[in-house]
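*Asks:* sequence first, predicted coordinates after that:
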Amino acid sequence: MMPGGRVNERNMRLAMRRMGVTTEEMKDVEEVVIRRANEEIIIENPEVTVVTMQGVKTFQIAGETKSQPKGSPAKAGAEKATPPPPAAYTEEDVELVMSQAGVDRDTAVKALVETHGAPAEAIMKIMSQRGG
């Protein structure tokens, strides 16, 4: 940790890599579709990050969502906007943020949600809020 409570981003990336956590941005993703029993959630021009931790890949998707009944044409005029899905994070992410930032579980979860499930960003956000 740097003086004033700030986290050095390079050191954070190295620490994450040592723990076996890697992140990779997927380029040129045009659309993500989540099919549920009765509806489809469409995310156009999404930002997709693949986080690999202990051999498990987690896809973090951010973007504007639309919802439509399952089987509807992709560009139906009666689509309604839905809030983005909850941020995807694991219990290991929560524990990492808690230990590295020295915060309680609620604070760690809140930071993970605000950073769309990115542990390094959550830690940096908490540290920067401390006035560092």
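*Replies:* Great, that's in hand. Treat the numbers as computed from the prediction; the structure is a model and nothing was measured. Residues are numbered from 1 along each chain as shown.
*Asks:* pLDDT below threshold where in the protein?
*Replies:* Segments of the chain classed as low confidence (criterion: pLDDT under 70) are 1-6, 73-87, 131-132.
*Asks:* so what are the domain limits for it?
*Replies:* Under the assignment automatic domain parsing, the domains of the chain span 22-85, 86-132.
*Asks:* residue 9 and residue 57: what is the separation?
*Replies:* 23 Å (CB to CB, to the nearest Å). C-betas here are computed from N, CA, C, even on glycine.
*Asks:* want to throw the domains of the chain into a markdown table with distance to residue 13 and mean neighbour count?
*Replies:* Formatted as a markdown table, the domains of the chain follow (distance: least, CB to CB, whole Å; neighbours: other CB atoms under 10 Å):
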| stretch | distance to residue 13 | mean neighbour count |
| --- | --- | --- |
| domain 22-85 | 9 | 13 |
| domain 86-132 | 7 | 18 |
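*Asks:* what's the closest of the ones you listed to residue 14?
*Replies:* Residue 14 sits nearest to domain 86-132 of all these, at 10.7 Å, using CB to CB.
*Asks:* in the chain, which spans are strands?
*Replies:* All strands of the chain, identified by DSSP state E, fall at 21-26, 31-35, 39-53, 56-69, 80-81.
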